[in-house]
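**Student:** show me how the following folds:
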Amino acid sequence: MPKLFAIVPIVNGTPDIDRAVTPYVGYVLCDRVGAHGAYLISGTGAQLIAINALASVIGLVVVTQAGNVRWTELNGVISLAVRTKLNTFLTNQGYPTIPAGRTYRQVINAVFQRVNARFDLSNFDISES
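**Tutor:** Numbering: from 1, shown residues only. The predicted structure follows:
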């Protein structure tokens, strides 16, 4: 099942997404970024596209796993559209922005470690069962 790394407004630890309108399967909170949570959200491809389309959501990258090959999408270079939306958010939070040419892995580590210096990408996942 695909998963989306995203920054979403947070309410009591959960993503502020109306599951009745925009459903998803599950999530894990990686850490808080002010009034937002840094999440890994699982769902169908269509569900993740709908979540990413929400104005309040900053979808960073959708990742997949096939057998032992996990999240190769993190090695891609962040798109201009995602970087622009993320940099606007980071500027509004008083954080440094992300320069061009960074991979999604570098971006997720940089952003999530700004709020939790001990963040380790390999420690976060959502069970498929």
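**Student:** when you work out contacts or count neighbours from here on, use the C-alpha atoms and nothing else.
**Tutor:** Noted.
**Student:** against P96, how distant is the closest residue to Q65 other than its chain neighbours?
**Tutor:** Among residues not flanking Q65 along the chain, W71 sits closest, at 5.7 Å (C-alpha to C-alpha, 6 or more residues apart in numbering). Per C-alpha to C-alpha, to the nearest Å, W71 is found 26 Å from P96.
**Student:** these two - which one has more neighbours?
**Tutor:** Neighbour comparison, W71 and P96: the larger count goes to W71, with 16 against 13 (by other C-alpha atoms under 10 Å).
**Student:** OK, contacts around that one?
**Tutor:** The contact partners of W71, taken as C-alpha atoms under 8 Å, 6 or more residues apart in numbering, are V63, T64, Q65.
**Student:** distance of it from Y27?
**Tutor:** The gap separating W71 from Y27 is 16 Å, by C-alpha to C-alpha.
**Student:** list the buried residues for stretch 89-99?
**Tutor:** Across stretch 89-99, burial judged by 16 or more other C-alpha atoms under 10 Å covers L90, T97, I98.
**Student:** tell me the helices and strands packed up against the longest helix seen in the chain.
**Tutor:** As assigned by DSSP state H, the longest helix anywhere in the chain is helix 80-93. The helices and strands touching helix 80-93, judged by 3 or more C-alpha pairs under 8 Å, 6 or more residues apart in numbering; DSSP states H and E, are strand 58-63.
**Student:** sheet partners, orientation included, of the very next helix or strand once past the strand it packs on?
**Tutor:** For strand 58-63, the following helix or strand on the C-terminal side (DSSP states H and E) is strand 65-66. Take DSSP bridges as the rule and strand 65-66 pairs in its sheet with strand 69-70 (antiparallel).
**Student:** other residues contacting the strand it pairs with?
**Tutor:** For strand 69-70, contacts defined as C-alpha under 8 Å, 6+ apart pick out V63, T64.
**Student:** centre of the chain to it, how far?
**Tutor:** A distance of 18 Å separates the centroid of the chain from that of strand 69-70, by C-alpha atoms, centre = their mean, to the nearest Å.
**Student:** this protein: strands as residue ranges?
**Tutor:** 3-11, 14-15, 26-33, 36-42, 58-63, 65-66, 69-70 (DSSP state E).
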